[in-house]
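Asks: sequence first, predicted coordinates after that:
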Amino acid sequence: MATAKRGQGAGKSWKGTAFLVLLVAAAGGIWLYGDSVSAQARAGTSFGAKNACSCRYIGGRDLASCKGDSVPGMEMVFLSEDEDEQAVTAYVPLVASDTARFHEGFGCMLDRWEQ
């Protein structure tokens, strides 16, 4: 006589439910706090790009040393540079990005934001 295997599907059901609960919680968090996080990320990337550009192309320092000029709370802001364009981009992955470029006689200026 064949015996039924019990409990095999229970693990899959529990994992699926846990994943769904986490997904709904993440979506709720984005809905509640998304605008605030986006605005703070935009402010951080703008500040980071402008200061790092000035540090790099006016102060003559390397980009790695410019990262140390960040203020507390900017740990998620990353920097990259385009030496040919004399530009520094600061970004928070998947959230915000801003670029500042060096212009002779004017210093570093942020690129225009698209409305």
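Replies: Structure's in. What do you need?

Asks: three-state assignment of Y91?
Replies: Using DSSP: H, G, I helix; E, B strand; the rest coil, the structure places Y91 in strand.

Asks: please name the residues that touch it.
Replies: With contact set as CB atoms under 8 Å, 6 or more residues apart in numbering, Y91 has these partners: T45, V77, F78, S80, S97, D98. For every residue, glycine as well, the C-beta is placed using N, CA and C.

Asks: that one bridge partners, please.
Replies: As for beta bridges, Y91 partners with F78, S97 under DSSP bridges.

Asks: against W14, how distant is it?
Replies: As for Y91, its distance to W14 is 38 Å (criterion: CB to CB, to the nearest Å).

Asks: Serialize the contacts of Y91 to a markdown table and add fields for neighbour count, distance to L32 and pLDDT.
Replies: Written out in a markdown table, the entries for those read as follows (neighbours: other CB atoms under 10 Å; distance: CB to CB, whole Å; pLDDT from 0 to 100):
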| residue | neighbour count | distance to L32 | pLDDT |
| --- | --- | --- | --- |
| T45 | 26 | 22 | 95 |
| V77 | 26 | 23 | 94 |
| F78 | 15 | 25 | 95 |
| S80 | 14 | 31 | 96 |
| S97 | 19 | 23 | 95 |
| D98 | 23 | 25 | 96 |
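
Asks: tell me where the chain has helices.
Replies: Here the chain has its helices, by DSSP state H, at 8-53, 63-67.
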